[in-house]
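Colleague: just coords:
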C-alpha cells in the first residue's frame with residue numbers, strides 16, 4: 001500500500017515533466033510553422049537552418065529553449081542574433097499545455113485543448129504579422145472539434161450549434177463590411193473553435209476576445225503608436241484559450257446570476 005501511494009505521485013510528476021518537455025519540442029515546431037507557412041514552404045521536410053547565413057543546424061542546436069540559452073541567443077556559425085521569439089514560443093507553448101493540464105487533468109479532451117492552444121499560437125503570430133489566418137490551421141481546429149464531438153457525442157447538438165453561433169454573426173459582418181471589419185479567416189476560426197467548445201463557451205470566447213482586443217489595442221495605440229487597424233485573430237485566440245481554462249466556472253457564475 002505504501003509503495004502504491006509513493007508510486008502514484010511519482011507517475012503523475014513523471015508524466016507532467018514529460019508533457020512539459022513535449023510542449024517545448026512542439027513549440028520548436030511551431031516556430032518552423034510561423035516562419036514557413038506565410039512563405040508557402042514545406043514545414044516537414046526542409047532542414048532547419050539559420051535565417052542569416054543558411055547554416056544547417058545540428059541536432060544539439062535544436063534543443064528547445066536550452067540551445068538558445070547555451071549559444072547566448074546567437075548562431076554558432078555567423079554569430080548573428082537569433083530572435084527571442086524562438087525560446088518564447090517554445091516556453092509559451094509548454095506553459096500553455098501545463099495550464100490546460102492543471103485545469104483538465106489527464107483526460108482525452110486535454111490533448112485536444114493542448115493541440116488547439118498550439119495552433120492558436122501559430123495563428124496569432126502569423127495574423128499579427130500578415131493580417132491573414134491560414135485556412136489549413138483553421139481546418140485543423142475544425143478537426144479537433146470533430147474529435148470533441150466524438151468524445152461527447154450525446155451532446156453533439158451543443159457543439160454543432162457552437163459551430164454556427166458566432167461564425168454566422170461574423171460572416172454577416174464580413175459581408176456587410178466587405179471584409180473591412182474582419183476577414184473570412186476569423187469566421188472559419190470561430191466555426192472550428194465553436195465546434196470544439198460548444199455554443200455557450202464560444203459566445204464567452206467571443207465576448208472575452210472582443211473586450212480584451214479593444215482594451216489591449218487601445219493601449220498599444222497609445223504606447224507603441226500602433227495603427228487603428230488590428231489583427232483580430234490573436235485576440236479571438238486569447239478569448240478561446242481563456243474560455244478553455246476558465247469557461248466552466250464563468251458560465252456557472254453567470255447562470256447563477258440569471259437564475260437568482
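Modeller: Received, thanks. Keep in mind the model is a prediction, meaning the values are calculated, not measured.

Colleague: Tell me the buried residues in stretch 72-80?
Modeller: Neighbour-count burial for stretch 72-80, counted by 16 or more other C-beta atoms under 10 Å, picks out 75-76. In this view, the C-beta of every residue, glycine as well, is placed from N, C-alpha and C.

Colleague: Show the end-to-end separation of that stretch, please.
Modeller: For stretch 72-80, the first-to-last residue distance is 10 Å (C-alpha to C-alpha, to the nearest Å).

Colleague: quick one: that stretch to chain centroid distance?
Modeller: 29 Å (C-alpha atoms, centre = their mean, to the nearest Å).

Colleague: what is the rounded mean pLDDT of it?
Modeller: Averaged over stretch 72-80, pLDDT sits at 77.

Colleague: now do stretch 28-40
Modeller: In this model, stretch 28-40 has a mean pLDDT of 93.

Colleague: ok now that stretch, how far from the chain's centre?
Modeller: Distance of stretch 28-40 from the chain centroid (C-alpha atoms, centre = their mean) equals 14 Å.

Colleague: What are the contacting residues of that stretch?
Modeller: Under the contact criterion C-beta atoms under 8 Å, 6 or more residues apart in numbering, stretch 28-40 has outside partners 41-43, 46, 48, 51, 62, 64, 85-86, 89-90, 93, 118, 121-122, 125-126, 129-130, 132, 134, 136-137.

Colleague: If any of those are buried, give me the ChimeraX selection for them.
Modeller: Listed next is the ChimeraX selection for buried residues among the contacts of stretch 28-40, using 16+ other C-beta under 10 Å:
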select :48,64,86,89,90,93,118,121,122,125,126,132,134,137
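
Colleague: For this structure, which segments count as strands?
Modeller: In the chain, no strands are defined using DSSP state E.

Colleague: Which parts of it are helices?
Modeller: 2-36, 66-70, 85-104, 108-130, 135-151, 156-165, 167-177, 184-197, 199-223, 233-259 (DSSP state H).

Colleague: May I see those organised as CSV, with distance to residue 57 added?
Modeller: Below are the helices of the chain laid out as CSV (distance: least, C-beta to C-beta, whole Å):
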stretch, distance to residue 57
helix 2-36, 11
helix 66-70, 8
helix 85-104, 11
helix 108-130, 20
helix 135-151, 25
helix 156-165, 40
helix 167-177, 40
helix 184-197, 31
helix 199-223, 33
helix 233-259, 28
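
Colleague: Tell me which of those helices is the most buried.
Modeller: The highest average neighbour count among the helices of the chain, using mean count of other C-beta atoms under 10 Å, belongs to helix 184-197 at a mean of 26.

Colleague: chain center to that one, what's the gap?
Modeller: For helix 184-197, the distance to the chain centre is 13 Å (C-alpha atoms, centre = their mean).

Colleague: quick one: the residue lying closest to residue 47 once chain neighbours are set aside from residue 42, how far?
Modeller: Nearest residue to residue 47 in three dimensions, chain neighbours excluded: residue 56, at 5.1 Å (C-beta to C-beta, 6 or more residues apart in numbering). From residue 56 across to residue 42, the span is 15 Å (C-beta to C-beta, to the nearest Å).

Colleague: what about stretch 133-148, distance to the chain center?
Modeller: Distance, centroid of stretch 133-148 to centroid of chain: 12 Å (C-alpha atoms, centre = their mean).

Colleague: Any chance you could list what contacts that stretch?
Modeller: Identification of contacts with stretch 133-148 by C-beta under 8 Å, 6+ apart yields 37-38, 109, 112, 115-116, 119-120, 122-123, 126-127, 159, 163, 183, 185-186, 188-189, 191-197, 233.

Colleague: Rounded mean pLDDT for it, please.
Modeller: On average, stretch 133-148 scores 97.
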